[in-house]
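[1] structure here, sequence nowhere to be found:
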């Protein structure tokens, strides 16, 4: 047998002792982890934990495993929203298929879970828009998915909104750029898969009665076309509106969650023609900035929220001390005096239901809500206590990320 | 259902490389056409141009009499079969087949009619109310085919559908696909790199090399009357043996002795100095086991056997031979191009399973000289190809097809088209 692991290899070293020579279906449940939120898969998929981290194992034909391994690696380097791949095990005895190992996307949710919730905090509209953003992002990068579906997507909360990640790259083809036919085909396929997945939930009596699978599925292609048009269209405008129109377009793209790599303005007799080169990677400016200042790794919107809190904290410090406070100092003190105390105070029985940064974001929301009601600022610690007592317990237990129940187990 | 006509199709990529180079191909309504060739030959690109995934640089793609170059994939109404099908656990087999129709808001009675008919053809009738979790691997694949059937597409397209299945399921599915295609009489285009799949499935096989069509013919014509060295080497397993040959009157001098040619073939090879003679493994036999009546139809030679391989019902002997360097290089290039590993200065010879010929010894072999072909090593052309005999073989295959489709459909398993389109699925002939 042979194992190919992407660095850091130490991550996967603990996995080597698993019974790779046996069919995945026959593995001893003791080495596996039951993960409640699962999509539909054509293959045998199992989960396992090592040193507090959770991994997904998928048994597939070797050429497909190698293909997926290479692609997921590329996606990660390019910052495309996809699960992170650890490695593959090939040349297993008796001509068995290969096993692909990916890192479990912590704090992620499947569509089955999201759509089945009685009172949707996240509407079908929102979910579909999130999926469409993912598809557009992949298409911009020349990625033909070939199997875009809700099952092959995982959703993660990012400061109250959802972000989508590609989970299955088995059928993906990478091109310089996609032809309109490839994009349309991918969208048609997505429409059909989404429709079938929702019909399936309906047959299983897991779908709220107000959601019509056919209508939801039919709304996917127009949503996609609208977003694609928005991020790729060329605009022509009069020269005197140039500044204002460029800024407007960039703002709009940022609002949609896209970064702009390059702006090209061509002046013609009719005015200026604007072409924007929309970046395919997830926007990461805030994320990188927060990491630089605090070492925290969070998602983009969460980072924006946290940075805003750091700025507010710094202003408060400066006011209190009557002099300037360096950004790094303010960030360090914020981490120690504001962020950590909140995260450390998460009651053990509620740990792992939401990512720490998402908890902090919700505490800030809760603080705003309490302060509005009280007519004064109630402060973060009080808001946190109230939040842990009244709000966080409402997040269902099944949302607990698997690594939370394995940490400390091995 | 529809015919598919390609006229001078070219696919050129940004760097100017022609992945498909001036391909013209007519696929008849109801025909099973295979596109085959080694990797990089353009077969998948061609299929993608039929589907609408790749833009066509120049030429016309005509489906059912309509030019579709600028139509979106969906508007071409073709069905890519079992590409990454998913089975939905809460839905019955019936619903798993029906859902494409539900999504297009087809009336319930029409859905029932089409699903019932498709499940008859697929022999899934007794499973319709079950959940897919209880189905076997083959039955799951048939559910995927059912989805394609109920859509009433103009044609079925397959892109290496079996390449990731295990050997057993692959064999099963090959049979299923072939049976299904006959019963439905639906135009089918099937891409594969596997010549065995090509030979067993297709009515006609289109062999491609570097974006160009080499030959389009029935499997038997490809096997017996290949147009050139490439096709001769690609079709057949174990592959055809190529030996250096020097013509001398009506004879060819080869490392395996002298081979006599009939006048027609002798005339065609006259004037050449160095040639390649192509001999399929089964044209050889252990000389001691050849009928007296048959013996004069071939030639006898002695050679040392390197290895024998006994397979129970058959036996192969490997006989090394000498070849000039130019020929060796050319054979090496050919095997490289065919994705084959062996260097072909070793003949693979089929002998009777009862033969006592042993490894490391000299033995006497008989060679059926009636069926050998002679190739020009420079151009690769088959100098002795009998085009008329070849055409007869393909004509016979066409007659068989029409007859089989007729029989399958008389059996009452045909899915008839419904609705306003009124397209009949029966009219294959």
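    Received the coordinates, thanks. Keep in mind it's a predicted model, so treat the numbers as computed, not measured.
[2] contacts and neighbour counts: CA atoms only from here.
    Noted.
[3] quick one: the longest helix seen in chain A to chain centroid distance?
    Ranked by residue count, the top helix of chain A under DSSP state H comes out as helix A:180-203. Remark: helix A:180-203 is offset 21 Å from the chain centroid, using C-alpha atoms, centre = their mean, to the nearest Å.
[4] then stretch A:104-124?
    Averaging C-alpha positions (C-alpha atoms, centre = their mean) puts stretch A:104-124 12 Å from its chain's average.
[5] what is the end-to-end distance of it?
    Stretch A:104-124 has an end-to-end distance of 24 Å (criterion: C-alpha to C-alpha, to the nearest Å).
[6] in that stretch, what's buried?
    Neighbour-count burial for stretch A:104-124 flags A:104-115, A:124 (criterion: 16 or more other C-alpha atoms under 10 Å in any protein chain shown).
[7] which of those residues fall in strands?
    The members of these that map onto strands under DSSP state E are A:108-109.
[8] redo the buried residues of stretch A:104-124 as a markdown table? Include pLDDT.
    As requested, the buried residues of stretch A:104-124 are exported to a markdown table (pLDDT from 0 to 100):
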| residue | pLDDT |
| --- | --- |
| A:104 | 91 |
| A:105 | 91 |
| A:106 | 89 |
| A:107 | 89 |
| A:108 | 89 |
| A:109 | 86 |
| A:110 | 85 |
| A:111 | 86 |
| A:112 | 82 |
| A:113 | 81 |
| A:114 | 83 |
| A:115 | 80 |
| A:124 | 83 |
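[9] before we move on, the earlier item: avg pLDDT for the longest helix of chain A?
    Mean pLDDT, helix A:180-203: 95.
[10] in that helix, which residues are buried?
    Within helix A:180-203, the residues that count as buried by 16+ other C-alpha under 10 Å are A:181-203.
[11] so what touches that helix?
    With contacts defined as C-alpha atoms under 8 Å, 6 or more residues apart in numbering or on different chains, helix A:180-203 is touched by A:112, A:116, A:139, A:144-151, A:207-208, A:213-214, A:216-218, A:220-221, A:224, B:52-55, B:72-74, B:88-91, B:99-100, B:103.
[12] report the buried members of those.
    A:112, A:139, A:144-151, A:207, A:213-214, A:216-218, A:220-221, A:224, B:52-55, B:72-73, B:88-91, B:99-100, B:103.
[13] most proximal residue of the stretch 251-400 of chain A with respect to chain B?
    At 19.8 Å from chain B, residue A:277 is the closest residue in the stretch 251-400 of chain A, using C-alpha to the nearest C-alpha.
[14] contacting residues around the closest residue to chain A within the stretch 251-400 of chain B?
    Per C-alpha to the nearest C-alpha, the residue of the stretch 251-400 of chain B with the smallest distance to chain A is residue B:339, at 16.6 Å. Residue B:339 is in contact with B:38-39, counting by C-alpha under 8 Å, 6+ apart.
[15] can you confirm it is in a helix?
    No. Per DSSP: H, G, I helix; E, B strand; the rest coil, residue B:339 lies outside any helix segment and is coil.
[16] who in chain B is up against chain A?
    Chain B comes close to chain A at residues B:52-55, B:72-74, B:84, B:86-91, B:99-100, B:102-103, B:164-165, as judged by C-alpha under 8 Å from any C-alpha of the partner chain.
[17] tell me which parts of the stretch 201-350 of chain A are close to chain B?
    Taking C-alpha under 8 Å from any C-alpha as the test, the list of the stretch 201-350 of chain A residues beside chain B reads A:201, A:203-204, A:214.
[18] 6 Å instead?
    Neighbours of chain B within the stretch 201-350 of chain A, by C-alpha under 6 Å from any C-alpha of the partner chain: A:203-204, A:214.
[19] closest one to residue A:17 out of these, please.
    Comparing these against residue A:17 with C-alpha to C-alpha picks out residue A:204 as the nearest, at 38.6 Å.
[20] my guess is the closest one contacts residue B:90. True?
    Yes. If you go by C-alpha atoms under 6 Å, residue A:204 and residue B:90 touch, sitting 5.2 Å apart.
[21] who is the residue of the stretch 251-400 of chain A closest to chain B paired with across the strands?
    When bridges are called by DSSP bridges, residue A:277 pairs up with residue A:262.
[22] which residues does it contact?
    A:260-262 (C-alpha atoms under 6 Å, 6 or more residues apart in numbering or on different chains).
[23] could you pick out the buried ones from these?
    Buried among the contacts of residue A:277 (16+ other C-alpha under 10 Å): residue A:260.
[24] packing partners of the least confident helix or strand in chain B by mean pLDDT?
    Lowest by mean pLDDT, DSSP states H and E among the helices and strands of chain B is helix B:325-337, with a mean of 85. Using 3 or more C-alpha pairs under 6 Å, 6 or more residues apart in numbering or on different chains; DSSP states H and E, no helix or strand is in contact with helix B:325-337.
[25] roughly how far is that helix from the heart of the chain?
    That offset, for helix B:325-337, works out to 24 Å (C-alpha atoms, centre = their mean).
[26] backbone dihedrals for residue B:221, please?
    Per-residue torsions, residue B:221: phi -60, psi -40 (degrees, to the nearest 10).
[27] any idea how far it lies from residue B:388?
    Distance of residue B:221 to residue B:388, given as C-alpha to C-alpha: 10 Å.
[28] and for residue 225, the neighbour number?
    All of this is about chain A. For residue A:225, the neighbour count with other C-alpha atoms under 10 Å in any protein chain shown is 15.
[29] chain B is the one I meant
    The local packing of residue B:225 (other C-alpha under 10 Å) involves 24 other residues.
[30] just the pLDDT at it, thanks.
    96.
[31] so what's it up against?
    Residues near residue B:225 by C-alpha under 6 Å, 6+ apart: B:385, B:390.
[32] what about chain A, any weak spots by pLDDT?
    Along chain A, segments meeting pLDDT under 70 span A:7-11, A:37-39, A:117-121, A:280-282, A:407-410.
[33] which one in it is furthest away from the centre?
    residue A:269 (44.1 Å; C-alpha atoms, centre = their mean).
[34] wait, does stretch A:143-153 make contact with chain B?
    No. Using C-alpha under 6 Å from any C-alpha, we find that stretch A:143-153 stays clear of chain B, coming within 7.0 Å at best.
[35] domain map for the chain?
    The chain I'm using is chain A. Domains of chain A are assigned by automatic domain parsing as A:2-103, A:108-230, A:233-278, A:285-406.
[36] wrong chain, I was asking about chain B
    Listed domain ranges for chain B are B:4-221+B:398-410, B:237-384 (source: automatic domain parsing).
[37] so which of those gets nearest residue A:334?
    Judging those by C-alpha to C-alpha, what sits closest to residue A:334 is domain B:4-221+B:398-410, at 48.9 Å.
[38] which one of the residues in the stretch 1-150 of chain A is closest to chain B?
    Closest approach between the stretch 1-150 of chain A and chain B, counting by C-alpha to the nearest C-alpha: residue A:61, at 6.0 Å.
[39] tally of neighbours for that residue?
    For residue A:61, the neighbour count with other C-alpha under 10 Å is 20.
[40] apart from its chain neighbours, what residue comes closest to it?
    Closest residue in space to residue A:61, ignoring its immediate chain neighbours: residue A:97 at 4.7 Å, by C-alpha to C-alpha, 6 or more residues apart in numbering or on different chains.
[41] check contacts around the one you found.
    Contacts of residue A:97 by C-alpha under 6 Å, 6+ apart are A:60-62.
[42] do residue B:150 as well
    Contacts for residue B:150 (C-alpha under 6 Å, 6+ apart) come out as residue B:114.
[43] three-state assignment of residue B:301?
    Per three-state DSSP, the secondary structure class of residue B:301 is strand.
[44] kindly provide the distance from it to residue B:327.
    Residue B:301 is 21 Å from residue B:327, where distance means C-alpha to C-alpha.
[45] who's more crowded, those two?
    Neighbours around residue B:301 and residue B:327, counted as other C-alpha under 10 Å, are more numerous at residue B:327. The numbers are 21 against 15.
[46] how close does the residue of the stretch 251-400 of chain A closest to chain B sit to residue A:232?
    Separation of residue A:277 from residue A:232 (C-alpha to C-alpha): 8 Å.
[47] residue ranges for the helices of chain B, please.
    Listed in chain order, the helices of chain B (DSSP H) span B:43-51, B:93-103, B:108-121, B:137-150, B:167-184, B:195-201, B:219-224, B:229-234, B:263-269, B:325-337, B:387-410.
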